[in-house]
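K.L.:
here is the input, now give the coordinates:
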Amino acid sequence: MAAYAHPEVLVETDWVSAHLKDPNVRVAEVDYDPAANYELGHVPGSVLFDWRKDINDPTRRDILSAEALTALFRRAGISEATTVVLYGDFNNWFAAFAFWAFTYYGAKNLKLMNGGRKKWVAEDRALVKEVPTYSAGAFQARPGDPALRVFLDDVRKSLPEVKAGKLGLVDVRGPKEFSGEITAPPEYPTEHAQRGGHIPGAKNIPWAQAVRDDGTFKSREELEAIYHAQGIQPSTPVFTYCRIGERSSHSWFVLRYLLGYPDVRNYDGSWTEWGNLVRTPIEK
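P.N.:
Alright, predicted model coming up:
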């Protein structure tokens, strides 16, 4: 069985358990709803990154700024050399989003805990309610890396390349969202877009196809078969999108780190932007 392209970015629960007291490792739980997760019990020593408050801009639709990331990491006691292990709810959707956003601003030494919170709890590992405090870190974020992110105009301009097969556009939502049968996923039934459907030329490869029942990632061979079957090859650039960018970050992680695709960018505006704007073309 072939190893992942970058196996160093993925750690197992055993590894995390063995490094809970390592001063050079900081574990962080990334939650959409901390009250239903982190506050009920979390990995010992782990800090909370609240997805809505900490990883999104407080006043506009955008990810956190470089300055906000610098402050967040320093509060969590994270410095340049600190290994940061991210895990969270919803099969690591939001942990993967954080991984992508942090990488966008130049953070290194990031890892994702395979299986996320779901696997840690299923293995009956220790959970605590104590909120840790750490001495201030010395991290400094860099300017955003344009090779990791695309915006609305980038996607609009790319549609001829998508049609010509020169760029892979991957919609990672469920089939009913992709077809337009529903306009919100079951996890967020009240958060609708104005229109249902998908961006023209997109291939539907749901994020869930990449994981097993326990939330861990499938093998490299299994993942390659899934993407190759839809014509998504490493020889062409790939854009991923979903509804708000969190599930597409999960697929971005798979393509970039587990399969080693060299040019993968996340469209975090995703369907809540595309499906709500006047004169943006859709398919059903």
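K.L.:
all contacts plus neighbour counts: C-alpha atoms, from now on.
P.N.:
Will do.
K.L.:
ok, now how distant is Ala98 from Gly196?
P.N.:
Counting by CA to CA, to the nearest Å, the separation of Ala98 from Gly196 is 27 Å.
K.L.:
tell me which of these two has more neighbours.
P.N.:
More neighbours surround Ala98 than the other of Ala98 and Gly196, with 28 against 21 (other CA atoms under 10 Å).
K.L.:
the more buried one touches Val30, doesn't it?
P.N.:
Yes: contact criterion CA atoms under 8 Å: Ala98 and Val30 qualify, at 7.4 Å.
K.L.:
anything in contact with each of those two?
P.N.:
With contacts taken as CA atoms under 8 Å, 6 or more residues apart in numbering, Ala98 and Val30 have Trp51, Leu86 as neighbours in common.
K.L.:
with adjacent residues omitted, what lies nearest to Phe217?
P.N.:
Spatially, and ignoring its direct neighbours in sequence, Phe217 is nearest to Val211 (4.4 Å; CA to CA, 6 or more residues apart in numbering).
K.L.:
what is the neighbour count of that neighbour?
P.N.:
Neighbour count of Val211, defined by other CA under 10 Å: 18.
K.L.:
and for Arg149?
P.N.:
Arg149: 19 neighbours (other CA under 10 Å).
K.L.:
what's the answer for Phe49, then?
P.N.:
25.
K.L.:
now do the strands in the chain.
P.N.:
10-11, 25-31, 47-50, 83-88, 110-113, 168-171, 203-204, 238-241, 264-266 (DSSP state E).
K.L.:
redo these as CSV? Include distance to His250 and mean pLDDT.
P.N.:
Listed next are the strands of the chain as CSV, based on distance: least, CA to CA, whole Å; pLDDT from 0 to 100:
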stretch, distance to His250, mean pLDDT
strand 10-11, 13, 98
strand 25-31, 13, 98
strand 47-50, 17, 98
strand 83-88, 12, 98
strand 110-113, 10, 98
strand 168-171, 12, 98
strand 203-204, 14, 98
strand 238-241, 9, 98
strand 264-266, 10, 98
